[in-house]
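J.: Sequence plus predicted model, see below.
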Amino acid sequence: MGLTKTEIFTQEQNQLSTLLKAIAHPARIAILQRIIISNTCICGDLVGELGLAQATISQHLKELKTAKIIQGTIEGVSVCYCINPKTWKILEEQFGGFLGSYKGETVCC
């Protein structure tokens, strides 16, 4: 397998790519939506709400946490998760800017 050559891209391009890879799974989008809707930290509610196995949920949470899209705090025997506002702002600005850079219909296609 070839190298990804990330060094030829800007820091912003690499960062946006990493963040989008972390959320590029329907289960992770569903997890983020549940966290956003609840407007609070979510602990063990995700398994029942999403209908996925605990191990599956844990793996997706790990990926989101590794990308720093969510953050967790330990409360008793469980870990509660919420959106990491700093990373969310970066994602919003970079992806919003990327999508906003398209100025409308073209005449070439």
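T.: Received the coordinates, thanks.

J.: Distance check, I35 against G104.
T.: For I35, the distance to G104 (C-beta to C-beta, to the nearest Å) stands at 34 Å. Glycine gets a C-beta too; all of them are placed from N, C-alpha and C.

J.: So which of these two has more stuff around it?
T.: I35 (22 against 4; other C-beta atoms under 10 Å).

J.: Do I have it right that the more buried one meets G72?
T.: No - using C-beta atoms under 8 Å, I35 makes no contact with G72, being 10.8 Å away.

J.: what touches both of the two?
T.: Y81, C82 (C-beta atoms under 8 Å, 6 or more residues apart in numbering).

J.: can you pull the contacts of the residue most central in space within the chain?
T.: Nearest to the geometric centre of the chain sits I23, at 3.8 Å (C-alpha atoms, centre = their mean). For I23, the contacting residues are I29, L32, L64, A67, I69, by C-beta under 8 Å, 6+ apart.

J.: Show me the two of those that sit farthest apart.
T.: The span of those, defined through C-beta to C-beta, is set by I29 and A67 at 13.3 Å.

J.: neighbour-wise, which of the two wins?
T.: Using other C-beta under 10 Å as the criterion, I29 and A67 rank with A67 on top: 19 against 12.

J.: list the contacts for the more buried one?
T.: T18, L19, K21, A22, I23, T87.
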